[in-house]
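Student: Here is a sequence together with a model predicted from it:
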Amino acid sequence: GNSVTQMEGPVTLSEEAFLTINCTYTATGYPSLFWYVQYPGEGLQLLLKATKADDKGSNKGFEATYRKETTSFHLEKGSVQVSDSAVYFCALSEGAAAGNKLTFGGGTRVLVKP
Amino acid sequence: DGGITQSPKYLFRKEGQNVTLSCEQNLNHDAMYWYRQDPGQGLRLIYYSQIVNDFQKGDIAEGYSVSREKKESFPLTVTSAQKNPTAFYLCASSIPDRINSPLHFGNGTRLTVT
């Protein structure tokens, strides 16, 4: 079956530091890959996505590149802010034929200190 | 504004009682999903529905039931058979026939059973 593995947190950074959250996946087909963000007490919001190999998703200064050869989709941001403190989830989808279901990683909590 | 509404935000029940969590969407999405979130474990799929009057079990359906009588609504019942019902429950929706359509999430219901 499909699975997503991401680095455990919490990750604690100072403001303006570089952030990397590792994500690797196992899938039988050619999945789409997503990063979602969850702020305290809220649901998940889509941060970015990539639908095929070598695609780069980007949003709000965050980037992730779909690497088929390493089955990875690592999230990066060059200069974090306190407002980036949240839990980040990597996820994959096998698409419409599989009902657009998402398989999630365990989440990585990020805490940015001023 | 279109979105997904989950109510209530917090719910408390005694052990042995069934409880129904509400999820309503006005995004005109055909597909709806229920996920359960436990601390440090990411999200796990309970049930999903791709069309009215049809639904499928997810990875952890035991002890839960759903109905999909209307496109806008996908209520989840947590029955007394669910051994560990205390969790954060998230409802989501998507357009199932659109390739790589992301899921849109509600803000969740935190259920506590004592």
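Tutor: Perfect, I can see it now. The structure displayed is predicted, hence computed values, not measured ones.

Student: Using PDB, write down the CA coordinates of stretch B:81-93.
Tutor: Output of stretch B:81-93 as PDB, limited to C-alpha atoms (Å, rounded to 0.1, in the frame of the first residue of the first chain):
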ATOM      1  CA  ALA B  81     -18.300   0.200  19.300                       C
ATOM      2  CA  GLN B  82     -15.400   2.600  18.600                       C
ATOM      3  CA  LYS B  83     -12.800   1.600  21.200                       C
ATOM      4  CA  ASN B  84     -10.900   4.900  21.300                       C
ATOM      5  CA  PRO B  85     -13.200   7.700  20.100                       C
ATOM      6  CA  THR B  86     -11.400  10.600  21.600                       C
ATOM      7  CA  ALA B  87      -9.700  12.400  18.700                       C
ATOM      8  CA  PHE B  88      -9.800  15.400  16.400                       C
ATOM      9  CA  TYR B  89     -12.100  14.700  13.400                       C
ATOM     10  CA  LEU B  90     -11.700  16.500  10.100                       C
ATOM     11  CA  CYS B  91     -14.100  16.600   7.200                       C
ATOM     12  CA  ALA B  92     -12.900  17.400   3.600                       C
ATOM     13  CA  SER B  93     -14.300  17.600   0.100                       C
END
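
Student: what's in contact with it?
Tutor: The contact list for stretch B:81-93 (Cβ atoms under 8 Å, 6 or more residues apart in numbering or on different chains) reads A:43-44, B:4, B:6, B:13, B:19, B:21, B:23, B:25, B:27, B:29, B:31-38, B:43, B:46, B:62-64, B:74, B:76, B:78, B:103-106, B:108-113. Any C-beta I mention is one placed from the backbone N, CA and C, and that applies to glycine too.

Student: and if you look at stretch A:106-113?
Tutor: Residues contacting stretch A:106-113 (Cβ under 8 Å, 6+ apart): A:5-15, A:17, A:19, A:21, A:38, A:80-89, B:40-42.

Student: Near the residue in chain A that chain B sits nearest to, how many residues? Count them for me, please.
Tutor: Nearest to chain B, among the residues of chain A, is residue A:43, at 3.7 Å (Cβ to the nearest Cβ). By other Cβ atoms under 10 Å in any protein chain shown, the residues close to residue A:43 number 22.
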